[in-house]
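*Asks:* Here's my sequence, what's the structure:
(4 chains)
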4 protein chains.
Amino acid sequence: MTRVAVLGAGGYAGGEVLRLLLAHPAVELVQATSEQHAGKRLDFPHPHLRGQSTLRFAPHDALEPCDVLVTCMPSGELIRRWPQVSTRAGRIIDLSADFRLEHAEHARWYPRAPRSVELPRFVYGLPEWTRDKIQGARYVAVPGCMAHAALLALLPLARAGLVRPEVVVDAKTGSSGGGATPDRSSHHPERASALRCYRPVGHRHTGEIESATEHLAGMRPNVHFSATAVPSVRGVLATVHAFAARPLADAAEPLRVLASTYREHPFVHILRANASASPFPEPAPLAGTNHCELAVDVDAERGRIVVNAALDNLVKGAAGTAVHALNLMLGRPETEGLGFRGLHPL
Amino acid sequence: MTRVAVLGAGGYAGGEVLRLLLAHPAVELVQATSEQHAGKRLDFPHPHLRGQSTLRFAPHDALEPCDVLVTCMPSGELIRRWPQVSTRAGRIIDLSADFRLEHAEHARWYPRAPRSVELPRFVYGLPEWTRDKIQGARYVAVPGCMAHAALLALLPLARAGLVRPEVVVDAKTGSSGGGATPDRSSHHPERASALRCYRPVGHRHTGEIESATEHLAGMRPNVHFSATAVPSVRGVLATVHAFAARPLADAAEPLRVLASTYREHPFVHILRANASASPFPEPAPLAGTNHCELAVDVDAERGRIVVNAALDNLVKGAAGTAVHALNLMLGRPETEGLGFRGLHPL
Amino acid sequence: MTRVAVLGAGGYAGGEVLRLLLAHPAVELVQATSEQHAGKRLDFPHPHLRGQSTLRFAPHDALEPCDVLVTCMPSGELIRRWPQVSTRAGRIIDLSADFRLEHAEHARWYPRAPRSVELPRFVYGLPEWTRDKIQGARYVAVPGCMAHAALLALLPLARAGLVRPEVVVDAKTGSSGGGATPDRSSHHPERASALRCYRPVGHRHTGEIESATEHLAGMRPNVHFSATAVPSVRGVLATVHAFAARPLADAAEPLRVLASTYREHPFVHILRANASASPFPEPAPLAGTNHCELAVDVDAERGRIVVNAALDNLVKGAAGTAVHALNLMLGRPETEGLGFRGLHPL
Amino acid sequence: MTRVAVLGAGGYAGGEVLRLLLAHPAVELVQATSEQHAGKRLDFPHPHLRGQSTLRFAPHDALEPCDVLVTCMPSGELIRRWPQVSTRAGRIIDLSADFRLEHAEHARWYPRAPRSVELPRFVYGLPEWTRDKIQGARYVAVPGCMAHAALLALLPLARAGLVRPEVVVDAKTGSSGGGATPDRSSHHPERASALRCYRPVGHRHTGEIESATEHLAGMRPNVHFSATAVPSVRGVLATVHAFAARPLADAAEPLRVLASTYREHPFVHILRANASASPFPEPAPLAGTNHCELAVDVDAERGRIVVNAALDNLVKGAAGTAVHALNLMLGRPETEGLGFRGLHPL
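*Replies:* Next up, the predicted model:
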């Protein structure tokens, strides 16, 4: 059994990491930390863990050595605590934004983050695109949830040279992505009916998508990213509006590119018209799962290729990918501990 | 492997039965029928089954022999088809209301149902209360979802002689209990904000609760039942307002009665104040699970004992109990195939 | 024009008071106070007031003399500030719980409230039952929203001697009743799917309903009150389960009692089966209105009379009744400024 | 009083037309038709009209002559009934898509519509852009709700020459736009959590936006339109991603263009950062109102200009604009009968 600890496990992504680790056949959850809930049982803030564990939260400073550490702290915190934290585990999987970007990009999008050039490099943990690197990695940075959805949609088309650099990503997101700390914008009466483009420009995932597309697909795009809050709790839908760089062989060419890209990948699925009463990628039936569903449509007349990508921001967009990466790092089967396939209706 | 078929698997309870059976280690799902979706793959109406099976729906008449049959048809249908259906399987687990009540009670609450005295008796499938009978049963009737929640709350107090016969059950329910067939009252614009006591009196679960309490707890109550639609999809919360039949030993006596009743039962949990940031039974974190959560409160001054019971109407209130009964009938571990413990937040 | 000010206008009830006063033909809104938003325009926290006023919030201490003062502060605050506030206006309409109960009752339900016997008496502002007293009142206390709904349902039956003293009130409420201050239980991911009986016993509206029923209907009931949070923002549905004190003349007797009670009252309506595609009281189509809808059902066999009452907690349950009281105090038409009749679907 | 009738008033837009006309000081509502509800009172399907009228629905064929007729039938129906309907009123305001496009465009986007060249031309009823023409019009076609929002956002920038022809419109919409007829996709359990790009390409509003932009702003754009269903009932948010055609004078230039365009228009408002606790256009606080809120943001580095436009699809996007047009046609004040300014929170 691999001994795994979770640093910063009192929030929503942390709660999902705990859920997955507690059910993972090759893992022993040895410790979980939370300043706010220190001394409380894991199920105190996480009702879905009732009866799953008798462990109690430790404060961050009580973190003990373990085989693998999963870190779920607010952005900036892992960098700040790096000298101490890095001594606790040989392998670290981080869910924050601290190590997703290279130094210069990071400094640009997170200007207030404490960052020095001595920090190590993390492998960008997008398993469908960096599987080999994750397998040998010591440190893995899990992508941002909206960037994750957008990249799964965009990368195949970009790598195939099918689309131009100008790409519009219109991402829709539930409230859980904002974390477990109450504030006015997440207060239920203010948020329950929200349909609010809260970040029309300047969202930090812009840089992440641009950077990862350049590195993974060999094309530097101009990503025009906007994020809109919708009245749900879980889930991201990223609508990627791309434009054909050359005449398509036929209207099904983008579909073939997507399908062949992900054919061997267990967590990404391409939906086809007529195969379902509702053949649209939607987050709801994916809640709790590590799966991403994609669909592609073409407006041949105007040269637009639209890819919609749906996933659960807390699982495929966070905790599930952390476990996916853990499986790869440990040489375990890719899908181990990630078998849940969702509920419908929900 | 036990060969199981599902008759009427195109609806929501049927979809959950399929989900659970497909993941059950001791079961082979051999057939699923649906008139509406005959010829389509199981995931055509059930997006959460994508990638889980290549089976296609058969029409009802194509049902072949199997070891155990789970029937999920609208009330009245199984009675009507009994001569044919009963030849297909030695053991039948029914999710409809057809066999929950004894003949006379059934005729009273379902006056239009075709019912003759030659029909067999079904064991009432409330595992925490009829486990022994289910183990030896040929035919099991799964309780109604709201009756199920109310009974788990009421039966311990009734059996202990703690409460008077006059009991108010105020049940709140999401929309999925109404089934998969669209109509005006379930049309999203009409239902999305509904807070609607749609059945203040005369609900059929009244008879089911009265009858089961008499048989299982030895007290015939007068159940004052009302059902209210709330703006959610899954879940039932039953608030049982009961009244002390005698002075309580102390305010914790009802809690002790509940706790001791369910101590050995893996799917029923008593919530206690201070053990959780939100120590209230709620359906949301139970979605997809076979668990029921209970809490009890006492107004000593007015002699009221309130028990709240939350469960997922499609799982603990339907498909999960069917699988629970299946496990008992087959002599399998009670929790087999029912390990999912829910998501939070949702 | 009557010069009206609002003390504590930054919250949700305050925002609705402002909305109604700004549109009221006989009122000039002269001042609104908020500590949190002092210096900001009224529409800063209240988007529905955009373009309606150029007024800015003053701090509480800057309150100037006016004809009528509406106070919307947290419970306890008006009592605490009474020596100063009472010098500012000859007439005060309070939306808090500070003056709803008589001294002894108040001390019992609000044991931590600062209260002295020198405080004045307020008229209980339930216009359908205390209209005459409000007309001549100097000080009016607006009822609690759930008590308001329950009383409109219960009082006619109690006064007519139709029901026994044991009454169960099962109230369902949206999140706006909890106010504008964020906390964990109102954080959107925690509250969005809530179906949570958060106050099974001991709710303060218990005392308010008991006390008002005694005074207004001549019967002291034992009110068995529970409050359940449901996944909506606005609205209260109170389900009153009462029991016949004597054989009913016929099943329609309770309906006749309710109908005759409210025949002349413009804001209370009795729904009848067949008159509507959805003849159930529901808060949604009443959002923003000062109307309450009632329906009554009888279970003759078990002697239960169920009355459901729906209203908007922020309007009929707060701001609208304040304006209704204002109209009565000023001798204006009862419905002035309260003409909005709701939206559907919503 | 102008005598107005409504043809096809049983649906959601029709219900809102009735609500507005019943409260309009210069209008007498003389007739409303509905095949489904013929003989029933107006409030039978429309609970928000309770107590507002004693009128009953007539069948379509019973339509009598009136001064102005508002038609709210499914697309294709008014064309089909034109010979009869056109004899009933000298002025007609249509809410369907039948007369929004010129003949050739209509035939292309609605290939199955019965349409002959003898049909009259309707003025495109976008009051902020065609006010003069509406004032003298006999026939007015109300824009589609998503096109309406997109055009209010795009037209000022297009007319000012600020943006290039390639425009992405990512529209989000509640369920009420789909009408009052139940089907699977609008069944509550299927729709409640929907975040579904149900029309990624090929939406008919594409043609409407392209055509109106060409006629009203002098630029023929390539509109890349996608429509996404979100979990709400009312409201549209259109996110218009446009690209600077030339270097902007400064980052505030688009804001100045929008502000100056709508300075004199009572129903369109430009939101500015810091003026509100939530300075984002959102449909919720606009529900029931005839107002549209806009905000503009600029990504100077990538040359993108994003305009978000929020409105209530049933009012500003349908019934309210019909009444706005009616006011203009009758020479009444533009805002008459349209004073409602919304609710918050909702």
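*Asks:* When you work out contacts or count neighbours from here on, use the C-alpha atoms and nothing else.
*Replies:* Noted.
*Asks:* mind listing the helices in the stretch 101-250 of chain A by residue range?
*Replies:* Counting by DSSP state H, counting those that start in this stretch, residue ranges of the helices within the stretch 101-250 of chain A are A:103-109, A:127-135, A:145-159, A:188-191, A:205-217.
*Asks:* most tightly surrounded among those?
*Replies:* Compared across the helices of the stretch 101-250 of chain A, helix A:188-191 shows the largest average neighbour count, a mean of 28 (mean count of other CA atoms under 10 Å in any protein chain shown).
*Asks:* That helix vs chain D: in contact?
*Replies:* Yes - against chain D, helix A:188-191 shows contacts by CA under 8 Å from any CA of the partner chain at A:189-190.
*Asks:* does any part of that helix sit near chain B?
*Replies:* No - if you take CA under 8 Å from any CA as the test, helix A:188-191 misses chain B, and the best it gets is 13.5 Å.
*Asks:* one step back: for the helices of the stretch 101-250 of chain A, give me TSV that also has mean pLDDT.
*Replies:* Listed next are the helices of the stretch 101-250 of chain A as TSV, based on pLDDT from 0 to 100:
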stretch	mean pLDDT
helix A:103-109	87
helix A:127-135	98
helix A:145-159	98
helix A:188-191	98
helix A:205-217	97
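*Asks:* tell me what the helix or strand encompassing residue A:259 is packed against?
*Replies:* Residue A:259 is located in helix A:253-262, with elements delineated by DSSP states H and E. Applying 3 or more CA pairs under 8 Å, 6 or more residues apart in numbering or on different chains; DSSP states H and E, one finds that helix A:253-262 contacts helix A:145-159, strand A:268-270, strand A:292-299.
*Asks:* just so I know, which of the ones you listed lies nearest residue C:149?
*Replies:* Of all the helices and strands packed on helix A:253-262, it is helix A:145-159 that lies closest to residue C:149, at 44.2 Å by CA to CA.
*Asks:* Who are the packing partners of the closest one?
*Replies:* Based on contacts counted as 3+ CA pairs under 8 Å, 6+ apart, the elements that helix A:145-159 packs against are helix A:205-217, strand A:236-243, helix A:253-262, strand A:304-311.
*Asks:* rerun at 10 Å
*Replies:* In this structure, helix A:145-159 makes packing contacts with helix A:127-135, strand A:166-173, helix A:205-217, strand A:222-229, strand A:236-243, helix A:253-262, strand A:292-299, strand A:304-311, judged by 3 or more CA pairs under 10 Å, 6 or more residues apart in numbering or on different chains; DSSP states H and E.
*Asks:* so where is the stretch 1-150 of chain A shaky, pLDDT-wise?
*Replies:* Under the criterion of pLDDT under 70, the regions of the stretch 1-150 of chain A flagged as low confidence span A:115-117.
*Asks:* Quick check, residue A:241 in contact with residue A:309.
*Replies:* No - the pair residue A:241 and residue A:309 does not pass the contact test of CA atoms under 10 Å, sitting 11.4 Å apart.
*Asks:* Of those two, give the one with the bigger neighbour count.
*Replies:* residue A:309 (32 against 28; other CA atoms under 10 Å in any protein chain shown).
*Asks:* doesn't residue A:258 make contact with that one?
*Replies:* No - Residue A:309 is beyond contact range of residue A:258, at 11.6 Å (criterion: CA under 10 Å).
*Asks:* what touches both of the two?
*Replies:* Common neighbours of residue A:309 and residue A:258 are listed as A:152-154, A:268-270, A:294-296 (criterion: CA atoms under 10 Å, 6 or more residues apart in numbering or on different chains).
*Asks:* give the contact list for the closest residue to chain C within the stretch 1-150 of chain A.
*Replies:* The nearest approach of the stretch 1-150 of chain A to chain C comes at residue A:12, 9.4 Å away (CA to the nearest CA). For residue A:12, the contacting residues are A:18, A:45-46, A:72, A:176-181, A:314, A:318-319, B:344-345, C:189, taking CA under 10 Å, 6+ apart as the criterion.
*Asks:* element containing the residue sitting furthest away from the middle of chain A?
*Replies:* The outermost residue of chain A relative to its centre, with distances by CA atoms, centre = their mean, is residue A:301 at 33.9 Å. In the assignment (DSSP H and E), residue A:301 maps to no helix and no strand.
*Asks:* Residue A:152 touches residue A:259, doesn't it?
*Replies:* No - if you go by CA under 10 Å, residue A:152 and residue A:259 don't touch, sitting 11.6 Å apart.
*Asks:* Now list whatever residues contact both of these two.
*Replies:* Residues touching both residue A:152 and residue A:259 comprise A:268, A:294, with contact defined as CA under 10 Å, 6+ apart.
*Asks:* Chain C contacts on the stretch 51-200 of chain A?
*Replies:* Selection of the stretch 51-200 of chain A residues close to chain C by CA under 10 Å from any CA of the partner chain yields A:174-193.
*Asks:* Emit the ChimeraX select command for whichever of those residues are buried.
*Replies:* Buried members of these can be picked out in ChimeraX with the line below, counting by 16 or more other CA atoms under 10 Å in any protein chain shown:
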select /A:174,175,176,177,178,180,182,183,184,185,186,187,188,189,190,191,192,193
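*Asks:* Out of the residues of the stretch 51-200 of chain A next to chain C, name the ones that lie in strands.
*Replies:* Among these, the subset assigned to strands under DSSP state E is empty.
*Asks:* which residues touch the residue of chain A at minimum distance from chain C?
*Replies:* Across chain A, the shortest distance to chain C (CA to the nearest CA) belongs to residue A:188, at 4.3 Å. The contact partners of residue A:188, by CA under 10 Å, 6+ apart, come to A:175, A:182, A:194, C:174-176, C:178, C:180, C:182-192, C:231-233, D:345.
*Asks:* Nearest spatial neighbour of it, chain-adjacent residues omitted?
*Replies:* For residue A:188, ignoring the flanking residues on the chain, the nearest one in space by CA to CA, 6 or more residues apart in numbering or on different chains is residue C:188 at 4.3 Å.
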